[in-house]
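Asker: mind folding the following:
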Amino acid sequence: MKVGMVASHYPHASHREEFISRVHQVAEVFRGTAGCLSADCWVSADAVISIVQWESEDAFAASFAAIKAAGLDLAYDERESRPREILRLVAA
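Answerer: Alright, predicted model coming up:
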């Protein structure tokens, strides 16, 4: 069963470009993981949005293991103006 995630991140203006770069790096690792169907970065006036699809829960877990192994930064910190909004989705 396909699963997905939509994550909205709200970086401070001074960190926006850095944050976009971070999201692109994470998306690249996700896309290189077996079972990841797509990983994209979108922007709006105040948010950087990650949209990712996997073919299964196992593929989802493998992608996050790959992110950890790559040492990429997923931490929420003072570079963001408010907490992230993350939706986990399951195909109907």
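
Asker: the longest helix seen in the chain - contacts with which helices or strands?
Answerer: Ranked by residue count under DSSP state H, the longest helix found in the chain is helix 16-31. Packing partners of helix 16-31 (3 or more C-beta pairs under 8 Å, 6 or more residues apart in numbering; DSSP states H and E): strand 3-11, strand 36-43, strand 48-54, helix 57-70. (Glycine included, C-beta is placed from N, CA and C.)

Asker: would you mark the buried spots in it?
Answerer: 16, 19-20, 22-23, 26-27, 29-30 (16 or more other C-beta atoms under 10 Å).

Asker: dump these to TSV, plus distance to R79 and pLDDT.
Answerer: Below are these laid out as TSV (distance: C-beta to C-beta, whole Å; pLDDT from 0 to 100):
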residue	distance to R79	pLDDT
R16	9	96
F19	7	93
I20	12	96
R22	9	93
V23	12	95
V26	15	96
A27	18	97
V29	20	96
F30	21	97
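
Asker: between these, which is nearest A75?
Answerer: Nearest to A75, judged by C-beta to C-beta, of the buried residues of helix 16-31 is R22 at 10.1 Å.

Asker: pLDDT weak spots in this structure?
Answerer: For the chain, not a single residue meets the criterion pLDDT under 70.

Asker: chain center to the top strand by length along it: distance?
Answerer: Counting by DSSP state E, the longest strand found in the chain is strand 80-90. Distance of strand 80-90 from the chain centroid (C-alpha atoms, centre = their mean, to the nearest Å) equals 9 Å.

Asker: please identify the most buried of the helices and strands packed on helix 16-31.
Answerer: strand 48-54 (a mean of 20; mean count of other C-beta atoms under 10 Å).

Asker: just to revisit the earlier point, TSV please, covering the buried residues of helix 16-31 and showing distance to Y10.
Answerer: As requested, the buried residues of helix 16-31 are arranged in TSV below (distance: C-beta to C-beta, whole Å):
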residue	distance to Y10
R16	10
F19	9
I20	13
R22	13
V23	12
V26	16
A27	18
V29	22
F30	21
